[in-house]
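> show me how the following folds:
(3 chains)
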Amino acid sequence: MNYWLMKSEPDVYSIHHLAAEADQTDYWDGIRNYQVRNFIRDDIRVGDRAFFYHSQCKVPGIVGTMRIVREAYPDHTAFDETEKYFDPKSDPDNPRWLMFDVQLDAIFPNIVSLAELRQHEQLAEMRVVQKGNRLSITPVTEEQWNYIQFLSAGN
DNA sequence: GCCAACGTTGGC
DNA sequence: GCCAACGTTGGC
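Purely as a prediction, here's the structure:
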């Protein structure tokens, strides 16, 4: 089983949006970066766990956890001209972009902010705290996962 | 709103 | 295949 960190802009889609969905389950769409596409294709599997991270907002940070409930299938939003992430180069017969489904696991009682993540030496290797990191999905180690769970409990 | 970092595009 | 130009991300 793998662990991940997934970014979303709360103004566009926050953890509360996910919480309001039927079965608290939704698809994770709009990935248009090849490194991340390859994570989806090769590594993200049913049963994996993921942090939900709010980016591009006043207090960026980890706001909760999710489970992957369906793995890699074509991102249909790439085929729809009216979609923000429409990509005319993605052929429905050979889809370039993939999505997957997530189910909400828990909303943290308090955000574990990026500023807080940066204060812990144990998390220094996380991609999200490193300068210039722009990947919207990044791997997390089991140790990092467990440590952040500990922080989220208010430690 | 600024700007650094990085990915992608396209001319050559 | 190189690399300049451009677009996007995302913290601050």
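
> so where is chain A shaky, pLDDT-wise?
A:155 (pLDDT under 70).

> can you give me the helices for it?
A:15-20, A:34-42, A:114-118, A:142-152 (DSSP state H).

> wait, which of those is closest to DNA strand B?
helix A:34-42 (4.2 Å; C-beta to the nearest atom of the strand). Glycine gets a C-beta too; all of them are placed from N, C-alpha and C.

> ok, that closest one near DNA strand B or not?
Yes: applying C-beta under 7 Å from any atom of the strand, one finds that helix A:34-42 is in contact with DNA strand B at A:Tyr34, A:Gln35.

> which residues sit against that helix?
A:4, A:31, A:71-72, A:96-100, A:135-137, A:139 (C-beta atoms under 8 Å, 6 or more residues apart in numbering).

> let's see 7 Å
The contact list for helix A:34-42 (C-beta atoms under 7 Å, 6 or more residues apart in numbering) reads A:Ile31, A:Ala72, A:Trp97, A:Leu98, A:Phe100, A:Leu135, A:Ser136, A:Ile137.

> if I pick the closest residue to DNA strand B within chain A, what's in contact with it?
Closest residue of chain A to DNA strand B, C-beta to the nearest atom of the strand: A:Gly132 (2.0 Å). Residues counted as contacts of A:Gly132 (C-beta under 7 Å, 6+ apart): none.

> excluding residues flanking it in the chain, which one is nearest A:Leu18?
Spatial nearest neighbour of A:Leu18, excluding adjacent residues (C-beta to C-beta, 6 or more residues apart in numbering): A:Leu104 at 5.0 Å.

> how about the contacts made by that neighbour?
So A:Leu104 contacts A:Leu18, A:Ala19, A:Gln24, A:Gly64, A:Met66 (C-beta under 7 Å, 6+ apart).

> rerun at 8 Å
By C-beta under 8 Å, 6+ apart, the neighbours of A:Leu104 are A:Ile15, A:Leu18, A:Ala19, A:Glu21, A:Gln24, A:Thr25, A:Phe52, A:Gly64, A:Met66.

> circling back to that earlier point, if we check DNA strand C, which of the contacts of helix A:34-42 are in contact?
A:Leu135, A:Ser136.

> strand partners (parallel or antiparallel) of the longest strand along chain A?
Taking DSSP state E as the criterion, chain A has its longest strand at strand A:98-113. With DSSP bridges as the test, strand A:98-113 is paired with strand A:25-28 (antiparallel), strand A:61-74 (antiparallel).
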